[in-house]
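Asker: pasting the sequence and the predicted coordinates here, then a few questions.
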Amino acid sequence: MRQPTVAHVFASDIHLSSESPDKIALFESFLIRTAKSAEALYLLGDVFEIWLGDDDDSDPHPQIIDALRRFTNTGTKLFVMRGNRDFLFGLDFAAATGAGLLPDWHTIDLFGVPTLLTHGDLLCTKDVEYQTFRKYVRDPTNQKSFLAKPIDERRQIAENTRNDTRASMLEKDEFIMDVEQITVETIMQKSKVDRLIHGHTHRPASHQFSTADGNVRERHVLGDWYDLGSIIIAASGGLRRLEAAEFITAPDSVFN
């Protein structure tokens, strides 16, 4: 049996779709060449561009599900968090891939540092319109009603919603769609963590700040995969942010 590297890999906002075959190939290569050597892989939401239920077998869903199952069969743990594009991940998806589904807020001990994981959209509290929409689509009754519809009808509803969302985003200031600092500080203090890792905003960066209780905390934002593809690797020595050019072309050096 293989001996995994004592490291955890984090990624989000991969946005896999049939329209981006290069990205699909990159993700599969990432699983095979890089992530399988880690102890655990955390995908913190928006793995797919859209997910309309576990019965949605449109491309590239079957291909990626198969890739994830082969990945977990190697022995590396896989944890998946629902994002704003794939919040309808269910138990069938988890069973098919061998993944553990995480709640919206999930705390882990990351090499001695209490760390909070989240997709990131719940931190964007200035965007009241989005938070109202999110509350509606995350309601179990509304989800049950949506999933009971034929898949073609769900696709049409989703397309109409995406068109409305695009139009709405064009009218919003950039700062509205970023995280609210007071929300970040409040949830970190409430969760009693020193570190936060999230995606969603597509603004990769690392931030350090002091909170009202006098503690210094840090927030690490994962990048999206629309252009470059990026990950964060956590090991006993700390965190490292890598882009695809590094974690694909030289996978053997990633965990060194």
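Answerer: Arrived safely, thanks for sending. Numbering: from 1, shown residues only.
Asker: show me what the helix-or-strand element of the chain with minimal mean pLDDT is packed against.
Answerer: Every helix and strand of the chain was ranked by mean pLDDT, DSSP states H and E. The lowest is helix 151-170, at a mean of 86. If contacts are counted by 3 or more CB pairs under 8 Å, 6 or more residues apart in numbering; DSSP states H and E, helix 151-170 sits against helix 140-147. Bear in mind the C-beta positions are built from the backbone N, C-alpha and C, glycine included.
Asker: using CSV, write out every CA atom in the helix it packs on.
Answerer: Extracted in CSV, the C-alpha atoms of helix 140-147 (Å, rounded to 0.1, in the frame of the first residue of the first chain):
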residue,chain,number,x,y,z
PRO,A,140,-34.7,21.7,1.4
THR,A,141,-38.3,22.1,0.4
ASN,A,142,-37.4,24.2,-2.7
GLN,A,143,-34.6,21.8,-3.6
LYS,A,144,-36.9,18.8,-3.4
SER,A,145,-39.4,20.5,-5.6
PHE,A,146,-36.7,21.4,-8.2
LEU,A,147,-35.2,17.9,-8.2
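Asker: still on that earlier bit, so how far is the least confident helix or strand of the chain off the chain centroid?
Answerer: What separates the centre of helix 151-170 from the centre of its chain is 21 Å, taken as CA atoms, centre = their mean, to the nearest Å.
Asker: got it, and stretch 130-149?
Answerer: The mean C-alpha position of stretch 130-149 is separated from the chain mean by 20 Å, CA atoms, centre = their mean.
Asker: got the end-to-end distance for it?
Answerer: 24 Å (CA to CA, to the nearest Å).
Asker: where does pLDDT dip in the stretch 1-150 of the chain?
Answerer: Low-confidence segments of the stretch 1-150 of the chain (pLDDT under 70): 1-5.
Asker: all strands of it, in order?
Answerer: 5-11, 38-44, 77-81, 100-102, 106-110, 113-118 (DSSP state E, counting those that start in this stretch).
Asker: could you export those to CSV, including columns for mean neighbour count?
Answerer: Below are these laid out as CSV (neighbours: other CB atoms under 10 Å):
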stretch, mean neighbour count
strand 5-11, 21
strand 38-44, 22
strand 77-81, 20
strand 100-102, 16
strand 106-110, 16
strand 113-118, 21
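Asker: need those strands in a markdown table with distance to P150, can you?
Answerer: Output for those, formatted as a markdown table (distance: least, CB to CB, whole Å):
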| stretch | distance to P150 |
| --- | --- |
| strand 5-11 | 33 |
| strand 38-44 | 28 |
| strand 77-81 | 26 |
| strand 100-102 | 25 |
| strand 106-110 | 33 |
| strand 113-118 | 33 |
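Asker: closest one to F27 among these?
Answerer: When those are ranked by distance to F27, counting by CB to CB, first place goes to strand 5-11 at 8.8 Å.
Asker: strand 38-44 and that closest one, what's the angle between them?
Answerer: Orientation of strand 5-11 against strand 38-44 (axes from the mean of the first three to the mean of the last three CA atoms, to 10 degrees) gives an angle of 10 degrees.
Asker: each with direction, which strands does strand 5-11 pair with?
Answerer: Strand partners for strand 5-11, identified by DSSP bridges, are recorded as strand 38-44 (parallel), strand 230-235 (antiparallel).
Asker: closest one to T141 among those strands?
Answerer: Here strand 38-44 is closest among the strands paired with strand 5-11 (CB to CB), at 26.2 Å.
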